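1. here's my sequence, what's the structure:
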Amino acid sequence: MNIHFIAIGGSAMHNLAIALSRKGANVTGSDDEIFEPSRTRLEKQGILPNSIGWFPEKINSQVDAVILGMHARSDNPELLKAKEIGLAIYSYPEYLYEQSKNKTRVVIGGSHGKTTITSMLLHVVNALGMNVDYMVGAQLEGYDCMVRLTDDAKVMILEGDEYLSSPIDRRPKFHLYKPDVAIISGIAWDHINVFPTFENYVEQFDTFCSLISENGTLIFNEDDEEVKRLGVKYASTKKTVPYQTPKYDVTETGTLLHYNGENYPLKIFGSHNLQNLMGAMRIGQIIGIEPQKFFENIQSFTGAGKRLQKVAEKSSFTMFKDFAHSPSKLKATTKAVKEQFEKRHVVACMELHTFSSLKKEFLSHYKNAMQSADEAIVYFSHEVVAHKKLEPITKELVAAGFGGGVTVLNETQEIIDFIHSKNWNNSVLLMMSSGNFDGINYEVLGEELSSQLE
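-> Okay, here's the model as predicted:
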C-alpha cells in the first residue's frame, strides 16, 4: 500500500503514519510545519518529508490512499490534486475505522477522562500481555507511538474525540468509529467554536450512542446527569452498563479503593480519577478481564501523561502539572488535589488558552471552578486573544466569570514572580493548562522551588 499524509506532522497524524509504516505500508507525507517531537519521531521511522511545504507532484495514480489532517486547509494543493485524479481520501478517524472494521472496536468518549480511561485500560492490558490494537490522543510514558495496528489483534481500543474529522468532513471523529463497546465518562460543553450551544454539543453524544453496533454495549457514568439520561434513553435498544464513584479512603500515598469486600491501594487520587477507573474496569470485563485481575494490575498505575502529573516532590511540597482547561476539568482537578492534601496550602494556577476559554460569552461557565484551592491564579495573554481573532477581554471580566476569589495576571513573568514570592513549605502548586503559560518550563520551575526547601 502507498499511503500519503497531507499534514503528516500533526500530533495524531504522525503517530498513525508511524504505525502504518511499521505495519509495512509505503508512507509519504507533506506539511508546511513540523514541530518536535513529531519531527524526530518521523525521522527515526524514515518517513520525515525531505522538504517543508505542499507538493502536488507527490500525488499520482500510484497512491492507494490519501489521509487528510485537520491542519490542512480545504484548498490545499495536494488535496485538490487528489480530488482531481479521483484518489481515495480519508480523514484520520475514517482510516482508523478501515483498519479496525473487522475487529471489536472499543471507543472511549466523554468531554473529560478519555485519555485517562484509555491509559488505565492499556496499563492493565499490557500487564496481562493481551494483544490489542489502539489509538490514544496523548503521549503516554513508555510508548514510542500512540497508534498500534496489526492484522492479528482482535480488539481495537480507540480514544473517541468529539472534535471535527477533517477540513472537508465536519463530522465529529467519534461518529466514524461505529463502536461495539462504547463508554461516555462525562458531558460538559466544550469546543464552542464548533458546537454553538450546549444542546448541540450533547446531541453529538446522542448520535454517538445511536451508532453503537446492533448487539453492542454502552457503558455510562451515572454520576453525570447528562450521561445518565443517555444511558436511560438507550437501555431499550442497547446493552447498558452503568458505573459510579466507588467507595474509597484517602491515604498518604494515594487512595484505598473498596470493591466487593476487598481493599486495593492505588497511587492515583480524586473522585474523578476513581470514576474513570471504574469505567475502565467495566470495559475490561467486556474484553475478558476479571475485576479482581484489573484492580490487582492497576495498583502500579501512576496516571496518564499531563493528567495530575507530578513535576516535583519534597516532604512538605508537591508540584503537579495538568492538562485541565475546561470548567469541569478545572473543578474536578482542583477538588481532587485539595481533598488529597487537605492540610496543605493549595495554590492553583490556570491558563485560559483555548478558543472556548478565551471567548467572552463562555467565561461565566468557569464560576467557582477553582473554589477548592486556597489561592487561585488565572492567566491569559492579550496577544493570544488577538491571534484567535476574539473580542478583547479584561482582567475584570475574567475575575467576574470565575465568581471572584481569583487573581488575574497577563504576563508570564508575573506568574513566575508570584510563585517565587511564596513560601512553599506545607504547600501544593497545581499548574493547569493546555499550553505552558507562554513559556514556563515546569520541570525547571519545580527544581527551583524544591531547591529553596533543601
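
2. hey, let's count contacts and neighbours off CA atoms from now on
-> Fine.

3. so Gly303 makes contact with Ile268?
-> Yes - Gly303 lies in contact with Ile268 (C-alpha atoms under 8 Å); the separation is 6.4 Å.

4. now for those two: what residues contact both?
-> Residues touching both Gly303 and Ile268 by C-alpha atoms under 8 Å, 6 or more residues apart in numbering: none at all.

5. now the residue nearest the centre of the chain: how far from Asp161?
-> For the chain, the residue sitting closest to the mean C-alpha position, by C-alpha atoms, centre = their mean, is Thr115 at 4.6 Å. Computed as C-alpha to C-alpha, to the nearest Å, the Thr115 to Asp161 distance reads 10 Å.

6. for Lys23, same thing?
-> Taken as C-alpha to C-alpha, the span from Lys23 to Asp161 is 24 Å.

7. can you check Gln62 too?
-> 32 Å.

8. is the nearest residue to Glu290 once chain neighbours are set aside in a helix, a strand, or coil?
-> Setting aside the residues directly before and after it, Glu290 is nearest to Gly284 in space (C-alpha to C-alpha, 6 or more residues apart in numbering), at 7.2 Å. Applying DSSP: H, G, I helix; E, B strand; the rest coil to Gly284 yields a three-state assignment of helix.

9. thought Gly284 was touching Met120?
-> No - counting by C-alpha under 8 Å, Gly284 does not reach Met120; the two are 9.9 Å apart.

10. next SSE downstream of the lowest-mean-pLDDT helix or strand in the chain?
-> The least trusted helix or strand in the chain, going by mean pLDDT, DSSP states H and E, turns out to be helix 355-358, with a mean of 91. Using DSSP states H and E, the helix or strand that follows helix 355-358 in sequence is strand 375-379.

11. okay, now the sheet partners of that following strand, with direction.
-> strand 345-351 (parallel), strand 407-409 (parallel) (DSSP bridges).

12. closest to Pro246 out of those strands?
-> Among the strands paired with strand 375-379, strand 345-351 comes nearest to Pro246, with 25.1 Å by C-alpha to C-alpha.

13. pull the residues that contact the closest one.
-> Under C-alpha under 8 Å, 6+ apart, the answer for strand 345-351 is 325, 334, 337-338, 370, 373-380, 426-437.

14. write a PyMOL command that selects only the buried members of those residues.
-> Command for PyMOL that selects the buried part of the contacts of strand 345-351, burial taken from 16 or more other C-alpha atoms under 10 Å:
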select buried, resi 325+334+337+338+370+373+374+375+376+377+378+379+380+427+428+429+430+431+432+433+434+435+436+437
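
15. average pLDDT for the strand or helix carrying Pro93?
-> Element membership for Pro93, per DSSP H and E: helix 92-100. Here helix 92-100 scores 97 as its mean pLDDT.

16. just stretch 45-61 next, same as before
-> 97.

17. can you list contacts of stretch 148-163?
-> So stretch 148-163 is in contact with 19-20, 23, 99-100, 103-111, 114-115, 118, 131-137, 171-175, 191, 204, going by C-alpha under 8 Å, 6+ apart.

18. buried subset of those?
-> 19-20, 99-100, 103-111, 114-115, 118, 132-137, 172-175, 191, 204.

19. in helices, which of those residues fall?
-> 19-20, 99-100, 114-115, 118, 204 (DSSP state H).

20. how about the strands of the stretch 51-200 of the chain, start to end?
-> For the stretch 51-200 of the chain, strands defined by DSSP state E, counting those that start in this stretch occupy the ranges 65-68, 89-91, 104-109, 133-135, 147-148, 155-159, 164-166, 169-172, 181-184.

21. so which of these gets nearest Ile219?
-> Checking the strands of the stretch 51-200 of the chain against Ile219 by C-alpha to C-alpha gives strand 181-184 as the closest, at 4.5 Å.

22. can you confirm Ala235 is in a helix?
-> Yes - checked against three-state DSSP, Ala235 lies within a helix.

23. can you report how many residues lie near it?
-> 13 (other C-alpha atoms under 10 Å).

24. need the contact list for it.
-> Contacts of Ala235 (C-alpha under 8 Å, 6+ apart): none.

25. again, but for the one 3 residues further on
-> The contact partners of Lys238, taken as C-alpha under 8 Å, 6+ apart, are 212, 214-218.

26. out of those, which end up buried?
-> Buried among those by 16+ other C-alpha under 10 Å: 212, 216-218.

27. coming back round to it: ranking the strands paired with strand 375-379 by burial, who's on top?
-> Ranked by mean neighbour count, the strands paired with strand 375-379 are led by strand 345-351 with a mean of 24 (mean count of other C-alpha atoms under 10 Å).

28. may I have that strand as CSV, with CA atoms only?
-> The C-alpha trace of strand 345-351 is given here as CSV (Å, rounded to 0.1, in the frame of the first residue of the first chain):
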residue,chain,number,x,y,z
HIS,A,345,-2.0,25.2,51.3
VAL,A,346,-3.1,24.6,47.7
VAL,A,347,-2.2,27.2,45.0
ALA,A,348,-3.9,26.6,41.7
CYS,A,349,-2.7,28.4,38.5
MET,A,350,-4.6,28.0,35.3
GLU,A,351,-4.2,29.4,31.8
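
29. report the distance from that strand to the chain centre.
-> 21 Å (C-alpha atoms, centre = their mean, to the nearest Å).

30. same question for stretch 47-55.
-> Worked out by C-alpha atoms, centre = their mean, stretch 47-55 lies 28 Å from the chain centre.

31. repeat that for stretch 212-222.
-> 21 Å.

32. equivalent analysis for stretch 294-310, please.
-> Taking C-alpha atoms, centre = their mean, the mean C-alpha location of stretch 294-310 is offset from the chain mean by 15 Å.

33. same check, this time on stretch 338-354
-> 20 Å.

34. for it, measure first residue to last.
-> First-to-last residue span, stretch 338-354, C-alpha to C-alpha: 25 Å.

35. check stretch 147-160 too.
-> Stretch 147-160: ends 13 Å apart by C-alpha to C-alpha.
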